[in-house]
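K.L.:
what would the 3D arrangement of this be:
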Amino acid sequence: MAFVARRIRVGTMSEVAISEAKSKDCHSHITNDTVRVGIVGLGRSGWAIHALTLAGMPEQFAVVAVTDQSEERRQEAVAKFGCRAHENLESLLADNEVDLVVLATPSRFHYEQALQAFSANKNVICEKPLSSTSDEATQMMKAAKAAGKVLTGFQQNRYMPSFVKLREVIASGKLGRIVQIRICIHGFGRRWDWQTLKEFSGGELNNSGAHFIDQGLQFFGSTEPEIFCHLDRTLTSGDAEDHVKVVLRAEGAPVVDVEITKSCAFPQNMWHVMGTEGGLTGTQKELTWKYVDFSKLPARPVDRQPTPDRSYNSEQYDWTEEKWTLPPDQPVQYIPFYQDLYKTLKKGTPLVVTPESIQRQIAVLEKCRKLCPWI
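P.N.:
Numbering: from 1, shown residues only. Prediction:
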């Protein structure tokens, strides 16, 4: 990972000059209201999530610069977006046109790269996890504040349509007091890429856990939860975990049970909510919830007398059932994330996904590592 692990020479003028010439034509629509983006890393996330999403929001964003260790990927971006290609991070950070830097690199590099970006007077988005430790997150926030720049992490799953709807249903009170929320990310299969390796901060705790534990924390307010964690290696080819079980609990809050695994041959629904008046289940595309109006039922005070026919207590419920289906024109969660960020950068509205809120998630990930020293 040469372009992220160490400082190397500035990109050649020939490569940058060629891409500059192409960018002049492709970015003729850029105005003072446009956020000009430089993307560091053109892998799955940098390319398919960030670059392609931003290219589809031309009234707000423009991809003006990229860097990646692969020359082929750099030139693919030049051809696709008409941007400038830089051989390394230092060259991209020296690009005066870049307003916002997207760090789509392995998380072990985020801390150093973010500090470099703030020194270059850039705003920063870090892919998840934001940093490797809570202390690193603190230093990154201090650097952002000192530079007068924005730091955020790409916790786009807070905008996941099913999650937004689930929170709406819970807030309606229809399900009563929420007892437990279970989040299941189940699959069965082997994986052997860099995200299975500890040296790149791989493993499912960082990879998927950073999203779904972050969702779980949204139900705790400012309360810090107690944590149970179990990590295991099952089918992975790497040395990082591919089975994660995390349970969060606190007084006055629901138990949040997050289960992420690559060794489940019988996947369960992603969402399972238990409440005192009903419940909810479903997937990212469909949710079903039902609830009971106990005010229409007779009171059931404790009866110390023997039950008729030695039976268990039982009664019939008249359930009210509702459903939600993902609308076909619903934008993916990346878009509202970037729309909110645009308002912060250009209109001065408060940052929605704050680094302080993400730091809570990083602290949970850290605690999980300490609870499972065998991984």
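K.L.:
give me the low-pLDDT residue ranges for the protein?
P.N.:
Applying pLDDT under 70 to the predicted model, the residue ranges of the chain that meet it are 1-28.
K.L.:
how far does stretch 81-101 stretch from start to finish?
P.N.:
16 Å (CA to CA, to the nearest Å).
K.L.:
distance between that stretch and the chain's centre?
P.N.:
In this view, stretch 81-101 has its centroid 24 Å away from the chain centroid, taken as CA atoms, centre = their mean, to the nearest Å.
K.L.:
over to stretch 157-175?
P.N.:
The answer for stretch 157-175 is 17 Å, by CA atoms, centre = their mean.
K.L.:
also stretch 192-208?
P.N.:
Computed by CA atoms, centre = their mean, the chain-centroid distance of stretch 192-208 equals 15 Å.
K.L.:
give the buried residues for that stretch.
P.N.:
Under the neighbour-count criterion of 16 or more other CB atoms under 10 Å, stretch 192-208 has Q195, T196, L197, F200, S201, G202, G203, E204, L205, N206, N207, S208 buried. To be clear about C-beta, it is placed using only N, CA and C from the backbone, and glycine gets the same treatment.
K.L.:
closest to A146 among the residues you listed?
P.N.:
Taking CB to CB as the measure, S201 is the one of those closest to A146, at 25.6 Å.
K.L.:
hmm, that closest one is touching S132, no?
P.N.:
Yes: under the contact definition of CB atoms under 8 Å, S201 touches S132, with a separation of 5.9 Å.
K.L.:
picking that back up, in helices, which of the buried residues of stretch 192-208 fall?
P.N.:
Among the buried residues of stretch 192-208, the members found in helices (DSSP state H) are E204, L205, N206, N207.
K.L.:
just put the residues you listed in JSON lines and tack on distance to R182.
P.N.:
Formatted as JSON lines, the entries for these read as follows, by distance: CB to CB, whole Å:
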{"residue": "E204", "distance to R182": "17"}
{"residue": "L205", "distance to R182": "18"}
{"residue": "N206", "distance to R182": "21"}
{"residue": "N207", "distance to R182": "20"}
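K.L.:
all helices for the stretch 51-200 of the chain, in order.
P.N.:
With DSSP state H, counting those that start in this stretch as the definition, the stretch 51-200 of the chain shows helices at residue ranges 52-55, 71-81, 89-93, 110-119, 134-147, 161-172.
K.L.:
so what's A143 closest to, chain neighbours aside?
P.N.:
F118 (4.4 Å; CB to CB, 6 or more residues apart in numbering).
K.L.:
what number of residues lie near that neighbour?
P.N.:
Burial of F118 is recorded as 23 neighbouring residues (other CB atoms under 10 Å).
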